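K.L.:
need a structure here:
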Amino acid sequence: MQSIIDSKLQELESWFKSFDSVLIAFSGGVDSTLLAKAAFMSLGKRAIAVTADSPSIPRSELKNAQSLAKSIGIEHLVVNTNEMENPDYLKNSSNRCYYCKSELFSTLSDISKEKDIKVIVDGTNLDDLSDFRPGLVAANENQILHPFVDLKFTKVDIRNISKHLQLPTADRPSAPCLSSRVAYGQPITLKTLSKIERAEALIKALTGIEILRVRDHNNIARIEVGRNERSLLFDELIMDKIDQELKTMGFKYITLELSGYKSGNLNK
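P.N.:
From the prediction side, this is the model:
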């Protein structure tokens, strides 16, 4: 097993070494953190990580990305993106991610031209290709490369290599943007995103739950937690506190998805 992991890491480093320099779309999640680490190991200062900042990004996630980039040692840029100014994005149709990724990759393309970097990469992996990912269309339109897809890396491969490198993200749950919590067809607003971010921060602080989504269905909060963490909610005082605080934030009804969190629940 160890030899397989070593071999895959060498493949990834070799992939990066075939280029003079790279720009990495860096969210601080398990995928992009491994990319940033491997790119820095392979190219040093010729690798740059770029994180998008907008109202759809929780403040905790931005701080996490900044901390991770610093620990890796890679040059890190934080840039503002303006998807919230795009009416098509705000409509929140099922292809919302296309407009967000188009904005992101357009911004990265501008940076790459300024710095004379020819290659932009993201953390798309082999498993992602079987999921509903409108953002991949935007990636293809902007010539974004996918090292993990080229090398046929799955999520398990990425986590195993991350553990081998002792990256703190190895077992980290995925953390998509706040807009992914809003039911399709319900407009994205600053107020809604702020409400969701505050609700999730509160529940995590009260319970210690790691895998959490507060879905907004027209002011109905649908709380999803990891299946193995559901029991952490079953305390009368905690449930009363969550109910009270989320209603104060603007939710009318507070509900719990009894089957627990599952990726893509809003796509059903």
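K.L.:
can you list contacts of the helix or strand harbouring Thr107?
P.N.:
Element membership of Thr107 [criterion: DSSP states H and E] is helix 96-114. With contact meaning C-beta atoms under 8 Å, 6 or more residues apart in numbering, helix 96-114 is reached by 23, 25, 50, 52, 56, 77, 79, 81-83, 86, 88-89, 117-120, 133-135, 137-139, 141-142, 144, 177, 179-180, 184, 188. The way it works is simple: take the backbone N, C-alpha and C, and place the C-beta from them, glycine included.
K.L.:
Stretch 136-152 now?
P.N.:
Contacts of stretch 136-152 (C-beta under 8 Å, 6+ apart): 8, 11-12, 15-16, 25, 31, 35, 97-99, 101-102, 104-106, 108-109, 119-126, 128-129, 153, 157-158.
K.L.:
on that earlier part again, what subset of the contacts of helix 96-114 is buried?
P.N.:
23, 25, 50, 52, 56, 81, 83, 86, 89, 117, 119-120, 134-135, 138-139, 142, 144, 177, 179-180, 188 (16 or more other C-beta atoms under 10 Å).
K.L.:
In helices, which of those appear?
P.N.:
Tyr89, Gly135, Ala138, Ala139 (DSSP state H).
K.L.:
With adjacent residues omitted, what lies nearest to the second one?
P.N.:
Spatially, and ignoring its direct neighbours in sequence, Gly135 is nearest to Lys101 (3.6 Å; C-beta to C-beta, 6 or more residues apart in numbering).
K.L.:
what about the one you found, how many neighbours?
P.N.:
25 (other C-beta atoms under 10 Å).
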